[in-house]
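> Got a predicted structure plus its sequence, pasted below:
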Amino acid sequence: MINLDVVGLFMMISGFIVGLGAVIVVDIHGFLGRKSSYWTEATTRTHKVTKPLIWIGVVCAIIGGMFLYRNESFSGIPLYHAVIAVVLIANGLFLSFVVSPYLLAREREHRQTELLPSSLQKKIVISFILSDLGWWVGLALFVWFIAQKF
């Protein structure tokens with residue numbers, strides 16, 4: 001018999017490992033790329049790998065949460081995780097359908113080493129902050145939830 005709590009724990013932990021790991025990598029690249037043409041190009045290349053990994057992480061964490069919280073009321077940590085998931089998805093849509101196509105178009109035009117416009121950099125910084133806060137707060141809430149079970 002499959003234990004749904006184990007499946008939920010595994011999926012949620014997997015989601016945090018894959019998603020948060022990819023976020024850390026691309027955010028460090030993006031931070032370095034604010035003032036460096038080398039790191040701007042590296043970020044363009046790196047995001048091709050990290051973007052799908054972040055989406056895989058989000059999906060795994062959500063599926064894990066659905067299993068893990070199936071017998072919980074939709075309040076407290078399960079509700080906070082749902083709100084964080086919505087914010088991460090909205091943020092991811094902006095990055096995937098606004099920023100990523102822009103970076104890829106610049107790469108096709110052989111302009112991948114040019115620094116991004118200041119207005120876009122500001123939006124990306126806000127996006128990175130939302131992403132980092134979402135993932136780290138989500139992880140902290142997950143740990144808190146598990147610790148309460150012991």
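Sure thing, it's come through.
> So the nearest residue to Leu32 once chain neighbours are set aside: helix, strand or coil?
Of all residues not flanking Leu32 in the chain, Trp39 sits nearest, at 3.8 Å (Cβ to Cβ, 6 or more residues apart in numbering). Every C-beta, even on glycine, is put in place using the N, C-alpha and C of the backbone. Assigned state for Trp39: helix (three-state reduction, DSSP: H, G, I helix; E, B strand; the rest coil).
> wouldn't Trp39 be in contact with Gly33 here?
Yes: here Trp39 reaches Gly33: they are 3.8 Å apart, a contact under Cβ atoms under 8 Å.
> So which of those two has more stuff around it?
Gly33 (23 against 19; other Cβ atoms under 10 Å).
> how about that one, what does it touch?
Gly33 makes contacts with Trp39, Thr40, Glu41, Ala42, Thr43, Leu115, Leu116, as judged by Cβ atoms under 8 Å, 6 or more residues apart in numbering.
> hmm, which of those are the buried ones?
If you count burial by 16 or more other Cβ atoms under 10 Å, the buried members of these come out as Trp39, Thr40, Glu41, Ala42, Thr43, Leu116.
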